[in-house]
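>>> Here you go, sequence then predicted model.
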Amino acid sequence: MTQTAGGTSEVRTPLDVRTVLVPASDAAAVGALVDLLPAEAPLSWLRRGEGLVGWGVAASVRTTGPTRFSDAAKWWSETTALATVTDEVEEPGSGLVCFGAFTFSDEPGSADSVLIVPEVIVGRRGDLVWVTTVGDATASLTATTAPAPPADLTFADGALNGPQWMTVVAHAVSRIEAGDLEKIVLARDLIAEASAPIDPRWPLRRLAASYPTCWTFHVDGLFGATPEMLVRRERGLVTSRVLAGTIRRTGDDERDLALAAMLAHSSKDLEEHEYAVRSVAEALEPYCSSMNVPETPFVLHLPNVLHLATDVAGVARDGESSLELAAALHPSAAVGGTPTPVARALISEIEGMDRGRYAAPVGWMDATGDGEWGIALRSGVIDGATVRLFAGCGIVGGSDPQAELAESQAKFVPVRDALTS
Ligand SMILES: C=C(O[C@@H]1C=C(C(=O)O)C=C[C@H]1O)C(=O)O
């Protein structure tokens with residue numbers, strides 16, 4: 001049952017949902033959740049082996065344009081209100097759950113936004129493992145056959161080549177220095193082409209293994225391992241992990257530690273970071289009764305890069321769902337810029353490509369509205385034998401186009417390596 005929100009009213013079939021706990025004796029025998037996924041339309045949200053995987057489509061909705069979040073949220077309220085749910089687990093992520101991915105832009109473009117209710121979901125949190133089925137679906141908890149690697153993969157420039165993109169970055173710097181705006185995030189794309197359709201489980205398994213501290217996702221062709229949590233709502237607690245400010249790792253631990261110290265004191269990176277934190281704190285404030293916004297960022301170590309990071313936390317004031325909070329936060333200055341409207345307009349004017357679902361909320365939500373929405377970074381979109389990869393960089397006054405190009409290369413590494421090695 002796929003619907004287009006805002007269209008004609010259709011008769012909705014109420015969903016019959018059942019969540020059962022996998023007995024502790026069997027839970028240990030369920031291996032990595034990512035290994036349970038079938039090749040056909042797998043859904044994934046995993047970190048350190050915990051999270052949710054799903055498959056099959058019990059219901060879905062597609063939305064576009066400036067009302068894409070509110071249309072999806074309305075559909076979810078209606079869907080949850082109609083459903084019959086038996087849930088013996090009652091953890092965030094048990095019972096009725098949807099996965100979702102949204103477009104970056106308000107402009108209708110090549111991609112749309114989507115919420116999908118899988119027929120089967122398997123969740124793991126600590127020692128708990130549960131299975132949710134919708135309707136007559138049955139769940140198999142055995143590993144599926146291993147996916148094959150992409151065949152004969154080649155990479156090519158996307159919309160702009162490196163020198164063209166550096167010209168765009170230089171133009172943005174001149175606009176910042178002229179006082180038009182303070183920060184803009186500019187992205188670029190690469191196109192990977194295989195000789196046969198690509199099985200998303202290949203990069204997913206590799207990303208989950210190589211980037212355990214990131215959230216490894218796949219929703220409707222969009223996949224990646226993001227280090228950035230736009231918003232999580234769990235039983236009244238709202239948290240967000242804001243990243244901005246990046247240094248490439250060298251592979252030499254001692255040099256990387258020195259780089260981490262440099263990053264923590266780099267005024268350019270601290271400025272870029274401050275804009276991102278402020279945008280999240282200001283957007284969350286109306287929805288929280290109290291908030292904690294640390295004054296100083298920490299350095300997040302990933303295998304390819306180091307980031308300045310700040311964990312913002314708040315207590316939810318009212319009943320806004322995690323998706324409504326994500327809509328209020330998107331796009332934060334970590335992926336848009338400051339001021340947001342000027343940065344968004346300049347992105348569409350000079351970036352030269354359609355971001356699709358890159359740099360927009362991706363994640364899941366349950367019937368209570370609890371959920372996690374990451375920012376779809378370190379990501380790609382699979383379409384048959386083609387993958388479009390994305391990477392972007394925060395630009396402030398004084399940013400060097402050559403250094404930003406190198407930073408974007410480092411941000412392509414997770415998906416690039418996951419496809420090839
Ligand atoms: C835009 C991306 O990353 C964002 C930009 C960063 C930066 O410019 O330092 C760091 C983390 C992310 O917030 C990306 O990975 O594509």
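Received the coordinates, thanks.
>>> neighbours around the nearest residue in space to Leu15 that is not next to it in sequence, how many?
Closest residue to Leu15 apart from its sequence neighbours, by C-beta to C-beta, 6 or more residues apart in numbering: Ala83 at 4.2 Å. Where C-beta positions appear, they are placed from N, C-alpha and C, glycine not excepted. Using other C-beta atoms under 10 Å, Ala83 is surrounded by 19 other residues.
>>> Ala83 contacts Leu96, correct?
Yes. Taking C-beta atoms under 8 Å as the definition, Ala83 is a contact partner of Leu96 at 5.3 Å.
>>> shared neighbours of those two, anything?
Counting by C-beta atoms under 8 Å, 6 or more residues apart in numbering, the shared contacts of Ala83 and Leu96 are Leu15, Val17, Ala367.
>>> between these, which is closest to Pro303?
The closest of these to Pro303 turns out to be Ala367 (C-beta to C-beta; 35.9 Å).
>>> State whether that closest one and Thr84 are indeed in contact, as I suppose.
No. Look at Ala367 against Thr84 with C-beta under 8 Å: they stay out of range, at 11.2 Å.
>>> So for those two, which residue has more residues nearby?
Ala367 (20 against 10).
>>> wait, what's in contact with the one residue sitting closest to the centre of the chain?
Taking C-alpha atoms, centre = their mean, the centroid of the chain lies closest to Ala376, which sits 3.0 Å from it. Neighbour list for Ala376: Ala101, Phe217, Leu222, Gly224, Thr226, Arg357, Tyr358, Ala359, Ala360, Pro361, Val362 [criterion: C-beta under 8 Å, 6+ apart].
>>> Now flag whichever of those residues is closest to the ligand.
Taking C-beta to the nearest ligand atom as the measure, the ligand sits nearest to Ala359 out of the contacts of Ala376, at 5.9 Å.
>>> is it true that the closest one lies in a helix?
No. Ala359 is assigned coil when assessed by DSSP: H, G, I helix; E, B strand; the rest coil, not a helix.
>>> For Gly54, see how far away it is.
23 Å (C-beta to C-beta, to the nearest Å).
>>> I'd assumed Glu285 was in a strand, is it?
No. Read with three-state DSSP, Glu285 is helix and lies in no strand.
>>> Can you give me the buried ones in the top helix by length along the chain?
If you go by DSSP state H, the chain has its longest helix at helix 401-420. Within helix 401-420, the residues that count as buried by 16 or more other C-beta atoms under 10 Å are 401, 404-405, 407-419.
>>> filter the residues you listed by proximity to the ligand?
Among the buried residues of helix 401-420, the residues lying close to the ligand (C-beta under 6 Å from any ligand atom) are Lys411.
>>> of the buried residues of helix 401-420, closest to the ligand?
Lys411 (4.2 Å).
>>> Just list the residues touching the closest one, thanks.
By C-beta under 8 Å, 6+ apart, the neighbours of Lys411 are Thr246, Asn304, Val305, Leu377, Arg378, Ala391, Gly392, Cys393.
>>> And stretch 317-332, what's buried?
Glu320, Ser321, Ser322, Leu323, Glu324, Leu325, Ala326, Ala327, Leu329, His330, Pro331, Ser332.
>>> actually stretch 166-178, sorry about that
Met166, Val168, Val169, Ala170, His171, Ala172, Val173, Arg175, Ile176.
>>> ok, now stretch 49-69?
Result for stretch 49-69 [16+ other C-beta under 10 Å]: buried residues 51-64, 68-69.
>>> ends of that stretch, how far apart?
The first residue of stretch 49-69 is 29 Å away from its last residue (C-alpha to C-alpha, to the nearest Å).
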